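Participant: This is the structure alone, sequence omitted:
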């Protein structure tokens, strides 16, 4: 049944069931934020949270203690019912990414307050939030209520950026001042967002923030240049003291000054700067003559992410450049280099 759902919890269940025999599913229906219903071999199956099962009229009194026990361990509970009987409980742990707590600490240090909005129960949500270092949590929030929570924060005069990757996050992504979708998320979340983070590295949120700050600074600098040239040049030209040829030269120079100033925004260096702000994260820049396209970088990335301590990989095929971010306490430069060579690529230091 869960194979027909796009919810992350459903995907986790399906992944665990790989290799098992799956039956034909009929009359599949999903209720966002609650669960799914379908018929399998003529029997009605329900898969969802406790509220969903109760709403369908099933008696769950005998299971509520077991549900609370699983939730107290920081797990999300999924109930499975066949016809009118609950036949199973599934406890799913929401494991945070290794870099999540470092990213949260970095955002806090620059004055951004992280808030978690989730459909999970309060106990599970609080456990995950504590691991990540998030102080404010909205738990048990239904998909259509996430946008309401965003509006609530905005009504307090706050500017809100929403990060999400699921189909249930789409309304909130659209409501937020800035919607940020993780590139590996659902299509509807990506279409609803203003910014798309390529890959799975949360540290790229810091890159996006620093890029926006420095871009805005460049815009202000360029406007200053433009107003300076025109503010001085136009009054002089109206007096007839400035020869037309000199005026044309001044205009060209002002344009060149703006272009040269804009080139000061080095995206590659900005990514290294953002990644290096994470606690314990080191970066290794390599020249790899053998990479010719994004597929080459993707191949190297998948291989390196299997190494414990490697946080992310980025690169530029046109410059034959590769940047690897890793936790220096668990991974080493030598291990990274050896892994890349194992794929048949020659290396040169940048």
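Facilitator: Nice, thanks for sending it over. In this text, all values refer to a predicted model and were calculated from it rather than measured experimentally.
Participant: Now do the strands in the stretch 251-350 of the chain.
Facilitator: Per DSSP state E, counting those that start in this stretch, the stretch 251-350 of the chain carries strands over the ranges 281-287, 310-316, 321-327, 348-349.
Participant: State whether residue 98 is indeed within a helix.
Facilitator: No. According to DSSP: H, G, I helix; E, B strand; the rest coil, residue 98 belongs to no helix; its state is coil.
Participant: List the contacts of it.
Facilitator: With contact taken as C-beta atoms under 8 Å, 6 or more residues apart in numbering, residue 98 is in contact with 311, 327. No exception for glycine: its C-beta is placed from N, CA and C like everyone else's.
Participant: Look up how far residue 306 lies from it.
Facilitator: Relative to residue 306, residue 98 is positioned 14 Å away (C-beta to C-beta, to the nearest Å).
Participant: circling back: any idea which of the strands of the stretch 251-350 of the chain gets closest to residue 219?
Facilitator: Of all the strands of the stretch 251-350 of the chain, strand 310-316 sits nearest to residue 219, with 24.4 Å by C-beta to C-beta.
Participant: ok and the closest one relative to strand 281-287, angle-wise?
Facilitator: 30 degrees (axes from the mean of the first three to the mean of the last three C-alpha atoms, to 10 degrees).
Participant: And strand 310-316, how far out from the chain middle?
Facilitator: With C-alpha atoms, centre = their mean, to the nearest Å as the basis, strand 310-316 stands 15 Å off its chain's centre.
Participant: With stretch 86-106 instead?
Facilitator: The answer for stretch 86-106 is 14 Å, by C-alpha atoms, centre = their mean.
Participant: How about stretch 334-350?
Facilitator: 28 Å.
Participant: where among the strands of the stretch 251-350 of the chain is the average confidence lowest?
Facilitator: Comparing mean pLDDT across the strands of the stretch 251-350 of the chain, the weakest is strand 348-349, with a mean of 68.
Participant: confidence score at residue 182?
Facilitator: 83.
Participant: Thought residue 165 was touching it, still the case?
Facilitator: Yes. If you go by C-beta atoms under 8 Å, residue 182 and residue 165 touch, sitting 4.0 Å apart.
Participant: what's in contact with stretch 132-142?
Facilitator: 32-34, 96, 100-101, 104-105, 108, 113-122, 124-126, 129, 149.
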